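Chemist: sequence first, then the predicted structure, then my questions.
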Amino acid sequence: MKHKEIVELLSEMTIEEKIGQMVQISGDIFLSEDTSRILTGPLHDLHLSKEKVYHVGSVLNIVGAERVKKVQDEYLSKSRLKIPLLFMDDIINGYKIAFPIPIAQGCSWNTKAIKEMTKISAMESSIAGANVNFSPMVDLSRDARWGRMMESIGGEDPLLGEIYAKTIVKAYQGKNLSDIGKIASCVKHIAAYGAVEAGRDYNTVDMSEREFRQYYLPPYKAAIEAGAEMLMTSFNILNGIPSTVNKWLIQEVIRKELGFKGIVISDYGAIKETITHGYSANETEAAKNAINAGVDIDMMSSIYANHLKDLCLENQEIEKKVNESVLRILTLKNKLGLFENPYGNANQTKEKIYLMNSSNLEKAKKLTQETFVLLKNKNHVLPLEKNKKIALIGPYIDNIGITGSWSMFSDRTKNGTILDIFKEKMGSQVLYAKGCEILRQEEINKILSADGLPTVHVENEAQREQDMIVSAIQTAKKADIILLALGEHYRQSGEACSRSNIALPENQIQLINELYILSKPIVLILFNGRPIELNKIEEKLDAILEVWFPGTTGAKAIVEMLFGEENPSGKLTMSFPQNVGQCPVYYNHYNTGRPHHDNLRYVSRYQDIPTESLYPFGYGLSYCDFKYTQIHLNKHKMRKNETITVTVKIENQSDYAGYEVIQLYIQDLYGSVVRPVKELKAFKKEYFKPHEIKYIHFDIDLPMLKFWNEKLEFVAESGEFKVFVGGDSVNVLEDRFELWI
């Protein structure tokens, strides 16, 4: 359709039909054989009449070509103007093929790998009928207590967030949204959701505007510049006002300043929640606040459906805003080609050919391996030798539940487990004992109870636990090396999964302690959705391979990595704290007037734990041994139209080939506002042959040196700077230069 035709269609719509386009509900209702369920089922709680149900503009989490077509047919059969539904989905780290969770993907430091994962996910989603995906989440995340940081692609760094946001949005959307394999990207969550106090989901956010602009806004800005079609509001308040009704945020910053022309959608029920926040006095006021702020779609509440009409009748300005919102929604449907083909790219034949095909599974395995981070490798215990007897112990050894909490559509039946892959490789040399459960039953029951699910009682659990440990010890005694697969339960990270204790569960720590007594090398494969507190056990482990929740091909990817068929190259995008009491802990912090020094009392420190993180941002080992030497700047004074070239010599002092992520950081030593101790400004992922020497070059230009000053001007200032280059944010070479403006 041409734009003129969309405007004409808008003019034909009744006010009820317009408002309906601004409402999103669960699509399950249209799959019910019992039409009375429209009035008595889940929508009863939303207080939507049958007529209003058939006015809605979009549905949530209906996917699969057959289901999508059935829902669309049912809806259009009752729709006067035959305006097709939008199908929006939570396909966070893959559809049928689950890729590593987003925090893991970021650890690849490889935009090509992330682009490829996104393109496969988009193709699977597109032919399964999805029009819009609630991804990527680009919230800056500095606090490991926050469960939702598992979705944060850039972790604690704004530059990574910017780069990855652009990469993913472009990979999802391409040049033409109606092309097969393309879907609209809904970027989330505006704004600053990752800064919730105490790392507690849905909690308060309060920060200066300068801090917001410097660190939290850039990834959203990058996504908008990349052409993102939608943005989702966050649940939190931002400086006293819920994000969903924050006019300054949505109208002034997002729409006017950043030029966003697309759709803003609330998060699940967030408009209604502004009443609970204590901002909106009632549902009518909530509707008024949200439409005035610029929210186009009300997700899973009836606030717009039941209250916007009266507001429009009272105020022509609100009716004008409704028209603007509906025009944006119709425009997106047109870009997706839904007026010509309401099923979009849903195609059952292509589903059979493409979903979970062998080529994509092989790609997924290779891409997954780039996300693993080798945290420790004492005495080069890894890679494993095939002639050694290996005891496989732990609840994740024979477990297909390694796809993460958002992988609701993935096919886990074809995963294979670590045990399966080891048996294929080593046969009878493999020894196995479960050792323990992921969690004790009382801990699992807390999770089940919070989700409204029935709890389970286990007889003689203490005895069963002891028997498993005894069996593990007996198995380990027969082996040369102990391979432990431990970590969080997949339902301990993700939305509503904030934790004050981010250590491994006590039963897993007990298992480690018992096996440590045997004085055999212990390798830990760590499954988790957040940085884990490891200080109680780190010294007892010879190697730690961080694999996060690695997805469908995770087991095979892990085993190949352990045997050296692939070389670890991942680097952390979030610091691992020594103790949860450090949280939030991040590398680009400010200095204080009394920075930490050992053996001094009146400095910024803890009495009982170190100040620095256990594993810093950017950290990750390899089977290679990379040595950095001879940092060189081509000049030490720079004017505003000039650049400085930084060169560093790196040697692979090993017999292995592999990739290294070389990282450039800068510190502005003195500014009109205090600047961080260092900030990531560039990185390169380079391949090294055994014993190869390379000279790696970076160019420093003026935009790298800009920041938001005390007047909220984005500027660079004359002065002295430090430049650092290294394999992580701590182990660096450094030099200095001056900027003259």
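Modeler: Now that the structure is in, tell me what you want to look at.
Chemist: so residue 135 is in contact with residue 183, correct?
Modeler: No - applying Cβ atoms under 8 Å as the test, residue 135 and residue 183 come out as separate, 9.4 Å apart. Glycine gets a C-beta too; all of them are placed from N, C-alpha and C.
Chemist: mutual contacts of those two, please.
Modeler: Shared between the contact lists of residue 135 and residue 183 (criterion: Cβ atoms under 8 Å, 6 or more residues apart in numbering) are residues residue 172.
Chemist: pLDDT below threshold where in the stretch 351-500 of the chain?
Modeler: Counting by pLDDT under 70, the ranges of the stretch 351-500 of the chain that qualify are 413-414.
Chemist: what segments of it are helices?
Modeler: If DSSP state H, counting those that start in this stretch is used as the criterion, the helices of the stretch 351-500 of the chain fall at 358-369, 418-426, 441-450, 461-477.
Chemist: mind exporting stretch 240-249 as PDB, just the C-alpha atoms?
Modeler: Taking C-alpha atoms only, stretch 240-249 is exported to PDB below (Å, rounded to 0.1, in the frame of the first residue of the first chain):
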ATOM      1  CA  GLY A 240      10.600   9.700  40.000                       C
ATOM      2  CA  ILE A 241       8.500   9.100  36.900                       C
ATOM      3  CA  PRO A 242       7.600   5.600  35.500                       C
ATOM      4  CA  SER A 243       9.300   5.200  32.200                       C
ATOM      5  CA  THR A 244       6.100   4.200  30.500                       C
ATOM      6  CA  VAL A 245       4.600   7.700  31.200                       C
ATOM      7  CA  ASN A 246       7.800   9.700  31.100                       C
ATOM      8  CA  LYS A 247       7.200  12.500  28.700                       C
ATOM      9  CA  TRP A 248      10.700  13.900  28.900                       C
ATOM     10  CA  LEU A 249      12.200  10.400  28.100                       C
END
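Chemist: returning to that earlier point: so can I have TSV of the helices of the stretch 351-500 of the chain showing distance to residue 394 and mean neighbour count?
Modeler: Formatted as TSV, the helices of the stretch 351-500 of the chain follow (distance: least, Cβ to Cβ, whole Å; neighbours: other Cβ atoms under 10 Å):
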stretch	distance to residue 394	mean neighbour count
helix 358-369	19	19
helix 418-426	9	18
helix 441-450	17	14
helix 461-477	8	16
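Chemist: got those as a markdown table, with distance to residue 615 columns?
Modeler: A markdown table is the format used below for the helices of the stretch 351-500 of the chain (distance: least, Cβ to Cβ, whole Å):
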| stretch | distance to residue 615 |
| --- | --- |
| helix 358-369 | 19 |
| helix 418-426 | 23 |
| helix 441-450 | 26 |
| helix 461-477 | 26 |
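Chemist: out of the ones you listed, which comes closest to residue 505?
Modeler: helix 441-450 (6.7 Å; Cβ to Cβ).
Chemist: how about the strands in the stretch 451-600 of the chain?
Modeler: Ranges of strands in the stretch 451-600 of the chain, per DSSP state E, counting those that start in this stretch, are 481-487, 522-527, 543-546.
Chemist: which residues sit against the shortest one?
Modeler: Contacts of strand 543-546 with the rest of the structure, by Cβ under 8 Å, 6+ apart, involve 107, 372-378, 381-382, 521-526, 528, 534, 538, 558, 561-562, 568, 570, 572.
Chemist: those, buried ones only, as a ChimeraX selection?
Modeler: Buried residues within the contacts of strand 543-546, by 16 or more other Cβ atoms under 10 Å, are selected in ChimeraX with:
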select :107,372,373,374,375,376,377,381,382,521,522,523,524,525,526,528,534,538,558,561,562,568,570,572
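Chemist: next SSE after the strand or helix carrying residue 276?
Modeler: Residue 276 belongs to helix 270-277 when assigned by DSSP states H and E. Using DSSP H and E, the helix or strand that follows helix 270-277 in sequence is helix 283-293.
Chemist: which strands and helices sit next to that next one?
Modeler: helix 270-277, helix 303-314, helix 316-335 (3 or more Cβ pairs under 8 Å, 6 or more residues apart in numbering; DSSP states H and E).
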